[in-house]
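**Student:** what would the 3D arrangement of this be:
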Amino acid sequence: MTDTSIPRADQSPDKDAAPIAESETEETEAEARGKKAPADSDLFRQSEIAADYVEGLLDILDYDGDIDELVSGGRPVVEVVGTRLQNLVGQRGATLEALQELTRLAVFRQTGTPSRLLLDVGGYRANRRKELAAVAKNAVEKVKEYGEPVRLEPMSAFERKCVHDVVNAMAGVESESEGVEPSRRIIVRPAD
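**Tutor:** Next comes the predicted model:
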């Protein structure tokens, strides 16, 4: 008789195979620290691959835009500049986030290594970074004035990082993220 049951999460699908220990599949923190950061030439190559991918998308969509590829802050960056690009950003940057993930996948497919590529369209990320700095400073002021934690609205990973960077640069306050995507948010509170 054939067993057609679905194996449990803690059970190996092959009964003869030994289960793989979690430590064998995940990289330890020490191994991660021991790896070298990618060279600027590797990062620039990633930005070139990403730029080619984005250019192909723009051609398919019949959008005009100038594409700049660079390395900034130890990560590859592709910037698309032009008019009529708002549809590529979408509401609150949702489309831009999706395009960034697709572009990272295109880079991974060619290089075999994950990329921390940052994609910006029409200066959206630069403008959003300024807005988020103001939001973070306002939250810090409220925390310092009232001594109570302030919960911010749910944000994308990019947005949360921008806020954390601003809060961490200020004395007397700290921030942490809570929740699960897409409802993950930041709490700003007095430092211990």
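**Student:** contact partners for the closest residue to Leu118 other than its chain neighbours?
**Tutor:** Nearest residue to Leu118, sequence neighbours excluded (Cβ to Cβ, 6 or more residues apart in numbering): Val77, at 4.8 Å. Every C-beta, even on glycine, is put in place using the N, C-alpha and C of the backbone. Applying Cβ atoms under 8 Å, 6 or more residues apart in numbering to Val77 gives the contacts 47, 69-71, 117-120.
**Student:** which single one of these is nearest to Ile187?
**Tutor:** Leu118 (25.2 Å; Cβ to Cβ).
**Student:** close enough to count as contact, that closest one and Arg125?
**Tutor:** Yes. Between Leu118 and Arg125 there is a contact under Cβ atoms under 8 Å: 7.2 Å.
**Student:** overlap in contacts, the two.
**Tutor:** Common neighbours of Leu118 and Arg125 (Cβ under 8 Å, 6+ apart) are Phe158.
**Student:** where does pLDDT dip in this structure?
**Tutor:** 1-37 (pLDDT under 70).
**Student:** one more time with 80
**Tutor:** 1-38, 182, 192 (pLDDT under 80).
**Student:** please enumerate the helices of it.
**Tutor:** Per DSSP state H, the chain carries helices over the ranges 22-25, 29-34, 40-61, 86-89, 94-111, 124-146, 157-168.
**Student:** tabulate these (a markdown table), appending distance to Arg185.
**Tutor:** Output for those, formatted as a markdown table (distance: least, Cβ to Cβ, whole Å):
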| stretch | distance to Arg185 |
| --- | --- |
| helix 22-25 | 29 |
| helix 29-34 | 26 |
| helix 40-61 | 29 |
| helix 86-89 | 21 |
| helix 94-111 | 16 |
| helix 124-146 | 11 |
| helix 157-168 | 8 |
